[in-house]
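*Asks:* Predicted model and sequence follow; I will ask about them next.
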Amino acid sequence: DGSLRAAARGTGVRIGTAVDMSALAADAPYKQAVAREFDTVTPENVMKWEVVEPQPGVYDWTAADQLVDFARKNGQLVRGHTLVWHSQNPSWLTEAAYTPDQLRTLLRRHIFAEVGHFKGRVWAWDVANEVFNEDGTLRDTIWLRALGPGYIADAFRWAHQADPKAVLFLNDYNNEGVNAKSDAYFALVKQLRAEGVPVQGYGMQGHLGVQYGFPGTVLENVRRFDKLGVKTAFTEVDVRMVLPPDAAKVQAQAEGFGLLLRACLLAEHCVSYTVWGFTDKYSWVPGFFDGQGSATPLDENLQPKPAYDTLRETFQLA
Ligand SMILES: OC[C@H]1CNC[C@@H](O)[C@@H]1O[C@@H]1O[C@H](CO)[C@@H](O[C@@H]2O[C@H](CO)[C@@H](O[C@@H]3O[C@H](CO)[C@@H](O)[C@H](O)[C@H]3O)[C@H](O)[C@H]2O)[C@H](O)[C@H]1O
């Protein structure tokens, strides 16, 4: 079969996609493509705190459980996304004046509740998402302000206690090449592992744009994390462009997708390559970047673009 899933088989790198649960429920060709093309899935939104705990102590795992069940039926692994983040937190958490101790208790309870609920059913977790700024300083978030930098180590320890088998990742964007942000992650991973904190993976989202050019030191960056003994993964790859698309942009887009996949295949411990949506029919890009889009490997009619062919050929050559 000519699918990405078949092309990735035996390469040691899993091929994944973010899944839009309302599309999975309502769009049969979309659902078939998720099962056919991918051996790994990530919930685009339904494992985020605002969705799973809409009221304090009131949990809603419905949509997340549906994805985990779908994955099990289709022989796919699940990447859980995401436990600690500065965005998409429930309003009861962000609008109330909790003390630092109360916030620490709430964060700990959240991690044990979510990781515990999916114990043995989630392969890897994005434990802490987007903790650094572009210049390598820690991002000013509700967690850093209340708990200090130690919240990151605590989150990993709690997640590991809740499910010792899950592979625990740090995850961020603009950290694919060697730069101030990836340097900060390199130092953090080194420090935390020296302290015995169970950080087991470094996730690079891979939200690229044709108009910006692509990072030139991706393989060098991934290989230095190889040396630290941590797994790596590309977790949210898309390559957007200023609309309308043209032949040059579409070709450059394919190169962007290929560049990251080649680095993953050439690295020692890069375990998965996930696209953040695989069809332009369901992509976050147009809603966030005015006048941009066409960021995924399949068009709105689920027809392959050169990017799709590049991904398949790159796997086949591995
Ligand atoms: O921003 C892209 C990546 C970057 N890395 C982390 C990763 O988690 C992030 O994913 C994006 O994260 C975004 C939020 O930060 C998500 O966007 C949210 O996606 C949610 C679910 O569709 C939207 O919520 C819906 O909004 C609708 C109207 O506004 C309401 O009617 C719905 O009830 C509500 O669920 C939010 O407005 C919208 O902001 C995108 O789908 C999702 O692709």
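*Replies:* Sure thing, it's come through.

*Asks:* In contact with the closest residue to the ligand within the chain, which residues are there?
*Replies:* The minimum distance from the chain to the ligand, using CB to the nearest ligand atom, falls at residue 284 (3.4 Å). From N, CA and C alone the C-beta is placed, and that goes for glycine too. By CB atoms under 8 Å, 6 or more residues apart in numbering, the residues touching residue 284 are 44, 276-277.

*Asks:* Swap in 7 Å and give it another go.
*Replies:* residue 277 (CB atoms under 7 Å, 6 or more residues apart in numbering).

*Asks:* got it, and residue 240?
*Replies:* 209, 285, 289, 292-293, 295.

*Asks:* rerun that using 8 Å as the cut-off
*Replies:* Neighbours of residue 240 in contact, by CB under 8 Å, 6+ apart: 207-210, 285, 289, 292-295.

*Asks:* quick check: mean pLDDT across the strand or helix carrying it?
*Replies:* Per DSSP states H and E: residue 240 is located in strand 231-242. For strand 231-242, the mean pLDDT works out to 98.

*Asks:* ok, and for the following helix or strand past that strand, which residues are buried?
*Replies:* Proceeding N to C from strand 231-242, the next assigned helix or strand is helix 247-266, under DSSP H and E. For helix 247-266, a neighbour-count test (16 or more other CB atoms under 10 Å) marks 249-250, 252-254, 256-265 as buried.

*Asks:* Show me what secondary structure element comes after helix 247-266.
*Replies:* Counting by DSSP H and E, what follows helix 247-266 is strand 270-275.

*Asks:* so that next one versus helix 247-266, what angle?
*Replies:* 160 degrees (axes from the mean of the first three to the mean of the last three CA atoms, to 10 degrees).

*Asks:* CA atoms only for strand 270-275 - export them in PDB, please.
*Replies:* C-alpha atoms of strand 270-275 as PDB (Å, rounded to 0.1, in the frame of the first residue of the first chain):
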ATOM      1  CA  CYS A 270      14.500  10.200  17.000                       C
ATOM      2  CA  VAL A 271      11.400   8.100  17.600                       C
ATOM      3  CA  SER A 272       8.600   9.900  15.800                       C
ATOM      4  CA  TYR A 273       7.600  12.500  13.300                       C
ATOM      5  CA  THR A 274       4.100  14.000  13.700                       C
ATOM      6  CA  VAL A 275       2.400  16.500  11.400                       C
END
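
*Asks:* can I get the contacts of residue 240 in JSON lines with distance to residue 178?
*Replies:* Listed next are the contacts of residue 240 as JSON lines, based on distance: CB to CB, whole Å:
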{"residue": "207", "distance to residue 178": "18"}
{"residue": "208", "distance to residue 178": "16"}
{"residue": "209", "distance to residue 178": "19"}
{"residue": "210", "distance to residue 178": "21"}
{"residue": "285", "distance to residue 178": "26"}
{"residue": "289", "distance to residue 178": "25"}
{"residue": "292", "distance to residue 178": "26"}
{"residue": "293", "distance to residue 178": "29"}
{"residue": "294", "distance to residue 178": "29"}
{"residue": "295", "distance to residue 178": "24"}
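
*Asks:* For the residue of the chain closest to the ligand, grab phi and psi.
*Replies:* phi -70, psi -20 (degrees, to the nearest 10).

*Asks:* show me what contacts the residue nearest to residue 169 when sequence neighbours are not counted?
*Replies:* Beyond its immediate neighbours in the sequence, the residue positioned closest to residue 169 (CB to CB, 6 or more residues apart in numbering) is residue 201, lying 3.6 Å away. Applying CB under 8 Å, 6+ apart to residue 201 gives the contacts 124, 167-170, 230-233, 271.

*Asks:* Which two among those residues are spaced furthest apart?
*Replies:* 170 and 271 (14.3 Å; CB to CB).

*Asks:* Residue 114 contacts residue 52, doesn't it?
*Replies:* Yes - using CB atoms under 8 Å, residue 114 is in contact with residue 52, at 6.0 Å.
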